[in-house]
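A.B. asks: Sharing a sequence plus its predicted fold:
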Amino acid sequence: MKRIFILVTLLSIISLHQIHAQGCSDAGICSTGALNPSNDKDKSNIVDHKFAITYNGYWQMYKSQFYDQGAGLTVDYKISSKSSVQAKTAYSFKSGPITDTQGMSDVTLSYSYQIISGGKWNLTGVIGGKVPTGKANMTYEGLPLPMIYNTSLGTYDALFGIALTSKAWHISLGIQQPLTALTEHEYDPYYWRNTEYYQHLLNWFPSSRHLDRKTDISMRLKYAIKTSKWSIAPSVLGIYKPQPGYVESIEDGNYEVIGSEGLTINGLLEASYNINTSLTLSAVGAYAIQQRPLNPDGLQRDYVVNFFIKQQF
C-alpha cells in the first residue's frame with residue numbers, strides 16, 4: 001500500500017507540472033555530471049556497481065505555438081569512489097506552425113572528481129564538453145528555420161563547474177563557454193518576407209543569422225527531504241548570461257541582441273521513488289520565475305514535464 005501511495009504521489013506531481021513548468025533554460029550545463037544531483041540511493045560499491053543508465057522522457061510547450069518532445073539517455077560510469085564520467089544525449093521531435101523537425105540533440109561528455117569527501121560536506125569538480133550533432137542549419141522548402149526548430153545548437157562548448165553537497169543540501173556553480181559560432185546558421189525573417197509565416201516569425205523569432213552565443217553561468221540551490229524509499233526536493237536554478245548574443249542580420253546589419261543577456265530564474269520541484277537499491281523513478285517540474293526578454297538560441301522553454309527511470313548496475 002505504501003508503494004502504491006508513493007507512485008500515485010509521483011504521478012500527481014507529473015500532472016501538476018504539465019500546467020506551469022520550465023526546464024533547464026540553458027544549453028546543458030545545469031544537467032551535467034555532479035551539477036545535476038540525483039535523489040536516489042547511489043550504490044557505493046565500485047567493484048560490482050559501476051554503471052548507471054538513466055532513461056528520460058520530456059514534453060515542452062512554447063508560447064509561440066511550438067511543441068518539443070523526446071527521449072534522452074544518460075550513462076554514468078564510476079571510475080573510482082571519487083571520480084566518474086558521464087555521456088548524455090536525446091532524440092527530439094519538434095513541431096511548430098511552419099513544419100515538424102526531428103533529430104539527435106548534442107552529445108555532452110563530462111568528468112566529475114570529488115575533491116573533498118568524508119565529512120559533512122563534499123566538494124566535487126566537473127569538467128566536460130558539448131559536441132554538436134548538426135550545424136543548426138535546418139531548412140523548410142529551401143528557407144532557413146529559426147534555432148527553435150533545430151535539434152542541435154551547432155557549437156562546440158566547454159563545461160566547467162563545482163558542487164558542494166551534504167546529506168540534504170546541494171549548492172553548485174557551472175559555466176558553459178561556446179567555442180565556435182554558428183557560421184552555417186542562416187535564419188533571418190527577411191528570407192520569409194513573401195510567405196504566410198513572415199509576420200509570425202517577425203513577432204517571435206528575430207534574426208539569429210550566424211549567431212555567436214555567449215557564456216551561460218548556472219547556479220543551483222537544492223534541498224532534499226529523504227526517507228529510505230522516497231525524496232522530495234525543491235530547488236532554485238538561475239541561468240545568467242553576462243553578455244548578449246551577436247548576430248549578422250541581413251536588413252539590420254551586425255548587432256548585439258540586447259535583451260538576450262541577464263538572468264533567468266527557475267523554481268523546481270523533484271520527486272523520486274526508490275523501487276529498490278538499483279531502480280529509481282523520478283519526475284521534475286519547474287516554474288520560470290523570471291525570463292530574459294529575448295532568446296535567439298531558442299532556449300525559451302515555457303511549459304515542461306520531465307520523468308526519469310534510473311537503473312544502477
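C.D. replies: Great, that's in hand.
A.B. asks: from here on, contacts and neighbour counts on C-alpha atoms
C.D. replies: OK.
A.B. asks: So Pro206 versus Gln65, what's the distance?
C.D. replies: For Pro206, the distance to Gln65 under the criterion CA to CA, to the nearest Å works out to 16 Å.
A.B. asks: Who has more neighbours out of the two?
C.D. replies: A side-by-side neighbour count of Pro206 and Gln65, using other CA atoms under 10 Å, places Pro206 first with 19 against 9.
A.B. asks: ok, then the element right after the helix or strand bottoming out on mean pLDDT in the chain?
C.D. replies: Of all regular secondary-structure elements in the chain, judged by mean pLDDT, DSSP states H and E, the least confident is helix 2-16 with a mean of 39. Following the chain from helix 2-16 toward its C-terminal end, the next helix or strand by DSSP states H and E is strand 51-62.
A.B. asks: Point out the other elements, helices or strands, that the following helix or strand past that following strand touches.
C.D. replies: The first helix or strand that comes after strand 51-62 along the chain, using DSSP H and E, is strand 66-78. Counting contacts by 3 or more CA pairs under 8 Å, 6 or more residues apart in numbering; DSSP states H and E, the secondary-structure elements packed against strand 66-78 are strand 51-62, strand 83-95.
A.B. asks: can you count the residues close to Tyr140?
C.D. replies: Here the number of neighbours of Tyr140 (other CA under 10 Å) works out to 11.
A.B. asks: What are the phi and psi values at it?
C.D. replies: Tyr140 adopts backbone torsions of phi -130, psi 120, taken as degrees, to the nearest 10.
A.B. asks: pretty sure Tyr273 is touching Phe307, no?
C.D. replies: No: the pair Tyr273 and Phe307 fails to qualify as a contact (CA atoms under 8 Å) at a distance of 11.6 Å.
A.B. asks: These two: who's more crowded?
C.D. replies: It is Tyr273, of Tyr273 and Phe307, that has more neighbours when counted by other CA under 10 Å, with 26 against 21.
A.B. asks: what helix or strand does that one sit in?
C.D. replies: With DSSP H and E as the test, Tyr273 turns up in strand 262-274.
A.B. asks: what is the rounded mean pLDDT of stretch 109-119?
C.D. replies: Summarised as a single mean, pLDDT over stretch 109-119 is 92.
A.B. asks: mind saving the C-alpha coords of it as CSV?
C.D. replies: What follows is stretch 109-119, C-alpha atoms only, in CSV (Å, rounded to 0.1, in the frame of the first residue of the first chain):
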residue,chain,number,x,y,z
LEU,A,109,30.6,14.4,-22.1
SER,A,110,31.8,15.2,-18.5
TYR,A,111,34.2,14.1,-15.8
SER,A,112,33.4,14.6,-12.1
TYR,A,113,36.0,14.3,-9.3
GLN,A,114,35.3,14.6,-5.6
ILE,A,115,38.0,17.0,-4.3
ILE,A,116,36.9,16.9,-0.7
SER,A,117,35.0,13.9,0.8
GLY,A,118,34.3,12.1,4.0
GLY,A,119,33.0,14.9,6.2
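A.B. asks: Next, the residues that contact it from outside, please.
C.D. replies: If you take CA atoms under 8 Å, 6 or more residues apart in numbering as the criterion, stretch 109-119 is touched by 32-34, 82-88, 122-131, 159.
A.B. asks: Would you mark the buried spots in that stretch?
C.D. replies: The neighbour-count check on stretch 109-119 (16 or more other CA atoms under 10 Å) flags 109-114 as buried.
A.B. asks: Same question for stretch 70-82.
C.D. replies: Buried residues in stretch 70-82, counting neighbours by 16+ other CA under 10 Å, are found at 70-79.
A.B. asks: And those residues, which is closest to Ala136?
C.D. replies: Each of the buried residues of stretch 70-82 was checked against Ala136 using CA to CA; the closest is Gly70, at 17.9 Å.
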